[in-house]
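# The following block contains a protein sequence and its predicted model.
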Amino acid sequence: MNDDEPQAEAVEDGPDGFRLRLAHRPPLDLPRLFRFLAARAVPGVEEYGSGTYRRVLTLPHGPGTVALTDGGEGYVTGRLRLADRRDLPVAVALCRRLLDLDTDPAAVTEALAGCPLLGPLRAAAPGLRSPGHVSPAELAVRALLGQQISVAGARTIAGRLTAAYGRPLPVADGGLTHEFPTAEALGTADPADLPMPTARKTALYALAGALASGEVVLDPDADPDEAESRLRALPGIGPWTASYIRMRALGDPDVFLATDLGVRHALERLGHPGDPANARRLAERWRPWRSYASHHLWSTLEPS
């Protein structure tokens, strides 16, 4: 969006918090976005139900919670509860990043529409977005936890770590009870509390230490190439994990996961060789929107 367009309105609404009205450029496939987030929701930190996604936010002056839902054409609405109202601008920015609300979907469609492979997928789902995250450090840890296990298995482990090392909210908000553990807290976690192979424990300690020390910086102003390079220098973090973190934590719109098993299966289902070399070759024409191309390919594997 340009600077002349309103990006959000926040209206204080008494003791129940701030009422949000987040503008975006239609179309926006919010049900698909919410399904993606719900499938990965960490117990105690996130939940989804009745068309509303809710989660805990870790903010500069204290925790908060947000509930987001469809606000009709051009808007996402929500309720934001903060420990300190000074965090309102930051919280709004995080919600926008999470839902990829600042993307121009017409630009993505224009770039992909002429592709025989992706054009039909884009036409069928013009509101598809590339989900970001409210906490780059949390996303990085969760990407590591999810290596070589199912999405459900990763949720379970993340939930256990949250219960053991996350900071409890002063007052629980429904099923939202804890902040996700900080890198500092995970860096001192008891190995007995980490239900994963030894090599992944080592990787988790290394990642937590790098995030806590500033060796790896994943804030919105971070240089993506440097961040990915530093991530890949850590033990247990390969190209897929580093690229996935770059896609979601840094909001890079042009990341393609050529070695991803889902990408491989999607390409083969669409009649193309799914090996990484061929996938990379195909993806060249999808620049600079390869993150969206990845999500379109993954979408072909969803149950109909």
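In hand now; what should we look at? Residues are numbered from 1 along each chain as shown.
# was I right about L118 contacting H295?
No: using CB atoms under 8 Å as the test, L118 is too far from H295 to be in contact (10.6 Å). Where C-beta positions appear, they are placed from N, C-alpha and C, glycine not excepted.
# Just give me how far the helix or strand A67 falls within sits from the chain centre.
Using DSSP states H and E, A67 sits in strand 62-70. For strand 62-70, the separation from the chain centroid amounts to 15 Å (computed by CA atoms, centre = their mean, to the nearest Å).
# Could you tell me which strands the next helix or strand after that strand is paired with, and in which direction each runs?
Where DSSP H and E defines the elements, the next helix or strand beyond strand 62-70 is strand 75-82. Strand 75-82 has its sheet partners listed here by DSSP bridges as strand 18-23 (antiparallel), strand 62-70 (antiparallel).
# Buried residues of the following helix or strand past strand 75-82, list them for me.
Next along the chain after strand 75-82, taking DSSP H and E as the criterion, comes helix 88-99. The neighbour-count check on helix 88-99 (16 or more other CB atoms under 10 Å) flags 88, 90-92, 94-99 as buried.
# What is helix 88-99 packed up against?
Counting contacts by 3 or more CB pairs under 8 Å, 6 or more residues apart in numbering; DSSP states H and E, helix 88-99 is packed against strand 8-12, strand 18-23, helix 30-39, strand 52-59, strand 62-70, strand 75-82.
# swap the cut-off to 7 Å and go again
Where contact means 3 or more CB pairs under 7 Å, 6 or more residues apart in numbering; DSSP states H and E, helix 88-99 is packed against strand 8-12, strand 18-23, strand 52-59, strand 62-70, strand 75-82.
# care to break this protein down by domain?
8-102, 136-250 (the TED database).
# Mind putting those domains into TSV with distance to A266 and mean pLDDT?
What follows is the domains of the chain, written out as TSV (distance: least, CB to CB, whole Å; pLDDT from 0 to 100):
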stretch	distance to A266	mean pLDDT
domain 8-102	15	93
domain 136-250	15	96
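# would a markdown table of the ones you listed with distance to P126 be doable?
Below are the domains of the chain laid out as a markdown table (distance: least, CB to CB, whole Å):
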| stretch | distance to P126 |
| --- | --- |
| domain 8-102 | 5 |
| domain 136-250 | 20 |
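# Tell me which of the ones you listed sits nearest to L112.
For L112, the closest of these is domain 8-102, at 14.2 Å, according to CB to CB.
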